[in-house]
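A.B. asks: Provided below for reference: sequence and predicted model.
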Amino acid sequence: MTDLLDSFGNKVDTSGKPIPKNVRAILNSGIEVPCAVKYDGTEMSSGELVRRYLVLAEVNWYKYWVKTLVVGEWPSDVKFAFNVGKDDSPETWHKTAAFKYASRMVIECEKRIPV
């Protein structure tokens, strides 16, 4: 699998494998927000090469947090990353609001797609 850059500098999944579908964020208020997914390259995880996708949700982080992330179709070789703001140093990450959100979030998979 090769990561290619398009004219905007975004990575493109050229594997031809299925991509995650119907990803939604359910907020602590009960509101369901449809999410976009964006290919973010590959990485080694437990000795296997996995594709990484960013989950993009437009949320007012000052008022709400994601209680549940629901994935309609989740290919077995995909790992998700959820961007909740600017990067913090590893030493202070556990003290951030983003860490608190991420540690409370539940991920539900409706259908796992073998790849």
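C.D. replies: Received the coordinates, thanks. Numbering: from 1, shown residues only.
A.B. asks: What is the burial count for Trp65?
C.D. replies: 19 (other Cβ atoms under 10 Å). Using the backbone N, CA and C atoms, a C-beta is placed for each residue, glycine as well.
A.B. asks: make that Val23, sorry
C.D. replies: With other Cβ under 10 Å as criterion, Val23 counts 21.
A.B. asks: which residues touch Glu32?
C.D. replies: Shown in contact with Glu32 (Cβ atoms under 8 Å, 6 or more residues apart in numbering): Arg24, Ala25, Ile26.
A.B. asks: number of nearby residues for the second one?
C.D. replies: Taking other Cβ under 10 Å as the criterion, the count of residues near Ala25 is 23.
A.B. asks: Direction included, what does the helix or strand harbouring it pair up with?
C.D. replies: For Ala25, the host element (DSSP states H and E) is strand 21-27. In the sheet, strand 21-27 lines up against strand 32-34 (antiparallel), strand 66-75 (antiparallel) (DSSP bridges).
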